[in-house]
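Participant: Quick one, structure for this:
(one chain, ligands or ions: 1)
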Amino acid sequence: MKKLAKKAVAERIVKLRNVINDYRYEYHVNNRSIMSEAAADGLKHELVELEAQFPEFITIDSPTQRVAGEPLPQFISVPHSRPMLSLNDVFDEQELRAWEQRIQKLVPNEKLTYFADIKMDGLACALVYENGVLARAITRGNGTVGEDVTQNLRTLESVPLRLHHTKASLPFIAGITEVRGEIVMHKKDFAKLNETRQKQGLPLFANPRNLAAGTIRQLDPKLVVGRPLNFRSYDLLRERSADIPTNEFAYAMLRELGFLVNKQAKALNSTTAVMKFAKSWEEKRHGLPFNTDGLVIKVNNRRIFAELGVVGKAPRLSLIHI
Ligand code: IVH
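Facilitator: Below you'll find the model as predicted:
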């Protein structure tokens, strides 16, 4: 192959990867299709063919590398960079106000504002990106140590194999970027799977969460491919925490980086506003595509949030049961 032709192939491969990544980004983050599925499949096919002819151009973050690899003999335990915490339960307005009073005492001079999101009923997972490329996916485990499920997570289309570049996201790509979120199975996909199992006379799956958890803990990634799982993010970590001033900012940046976040999530100025938000979701939550488990309430300002964390066992986050 002449040098020039090889250079043209390399350029075409880069172009194909970019277009396929843009398609994935628009579809999963913005719920928008920039081309038909058939057109996207055609481009993926062309990329597979070119990479087969020129394997030296294959990179780990290529969209062709979502294919299931060989089964693992066992999962490897990996420590989390920072603990994956749990929540304090709050059941009504009175308890929420008591929680606010407790934390306000710890930071008497700060104006507390909040960030609320739907609590998804799934399986927590941390994705670690090194210089923008997916390096590891780790289950929550006991919060300190989880299991390396990278092979399985790579097969999920909603997990970017490389972070999305925009002008705003660029400073968040070099070095280590960690994205945490929930793996959920949509209610309608779960019902469809069970319908098929019923027809086949197979035992039914109990609920979407157990099925999602069971699927992610499969040693054979081929079993993950047929199971429709979605990754929805809720946290972004960087070494320099000051780069992410608020949880509202984290959500906006997660979108820029190519992740789906719940668009219902909202910054709120007071516990009164939090309760109003909670009430508004009491009924509406049933219309969401996934099962929910209440609301997660965080202090919006992450500097204050971190300060609260080092004061004894003070709760930093709250879960409202709705
Ligand atoms: S924020 C304390 N936001 O809830 C860490 N967590 O008991 C909370 N979860 O296992 C992080 N939806 O995986 C946050 N919108 C959301 C969430 C969420 C579900 C899970 C999380 C964790 C559990 C906390």
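
Participant: rest of the way, CA atoms for contacts and neighbours
Facilitator: Will do.

Participant: Could you look up the SS state of the residue nearest the centre of the chain?
Facilitator: Nearest to the geometric centre of the chain sits Ser233, at 3.0 Å (CA atoms, centre = their mean). Counting by DSSP: H, G, I helix; E, B strand; the rest coil, the backbone at Ser233 sits in strand.

Participant: got the contact list for the residue in the stretch 1-150 of the chain positioned nearest to the ligand?
Facilitator: Nearest residue of the stretch 1-150 of the chain to the ligand: Lys119, at 3.4 Å (CA to the nearest ligand atom). By CA atoms under 8 Å, 6 or more residues apart in numbering, the contact set of Lys119 is 292-296, 319.

Participant: Tell me the confidence at it?
Facilitator: We have a pLDDT of 94 for Lys119.

Participant: just so I have it, where are all the strands in the stretch 151-300 of the chain?
Facilitator: Assigned by DSSP state E, counting those that start in this stretch, the stretch 151-300 of the chain shows strands spanning 176-184, 230-238, 266-268, 292-299.

Participant: Distance to Leu257 and mean pLDDT for these - can I get that in JSON lines?
Facilitator: Converted to JSON lines, the strands of the stretch 151-300 of the chain look like this (distance: least, CA to CA, whole Å; pLDDT from 0 to 100):
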{"stretch": "strand 176-184", "distance to Leu257": "10", "mean pLDDT": "98"}
{"stretch": "strand 230-238", "distance to Leu257": "10", "mean pLDDT": "97"}
{"stretch": "strand 266-268", "distance to Leu257": "19", "mean pLDDT": "97"}
{"stretch": "strand 292-299", "distance to Leu257": "22", "mean pLDDT": "91"}
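
Participant: Kindly present the ones you listed as JSON lines, with separate columns for distance to the ligand.
Facilitator: Formatted as JSON lines, these follow (distance: least, CA to the nearest ligand atom, whole Å):
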{"stretch": "strand 176-184", "distance to the ligand": "5"}
{"stretch": "strand 230-238", "distance to the ligand": "5"}
{"stretch": "strand 266-268", "distance to the ligand": "11"}
{"stretch": "strand 292-299", "distance to the ligand": "5"}
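
Participant: The residue nearest to the centre of the chain and Gly294, how far apart?
Facilitator: Look at Ser233 and Gly294: by CA to CA, to the nearest Å, they are 16 Å apart.

Participant: still on that earlier bit, ramachandran coordinates for the residue of the stretch 1-150 of the chain closest to the ligand?
Facilitator: phi -90, psi 120 (degrees, to the nearest 10).

Participant: Glu95 now?
Facilitator: Torsion angles, degrees, to the nearest 10, at Glu95: phi -70, psi -30.

Participant: Just give me the neighbour total for it.
Facilitator: By the criterion of other CA atoms under 10 Å, Glu95 has 13 neighbours.

Participant: For the strand or helix carrying Ala38, which residues meet the burial criterion?
Facilitator: According to DSSP states H and E, Ala38 maps onto helix 37-53. Under the neighbour-count criterion of 16 or more other CA atoms under 10 Å, helix 37-53 has 40, 43-44, 47-48, 50-51 buried.

Participant: so what's the nearest residue to the residue nearest to the centre of the chain once chain neighbours are set aside bridging to?
Facilitator: Nearest non-adjacent residue to Ser233, counting by CA to CA, 6 or more residues apart in numbering: Gly181, 3.8 Å away. Applying DSSP bridges to Gly181 gives these bridge partners: Cys125, Ser233.
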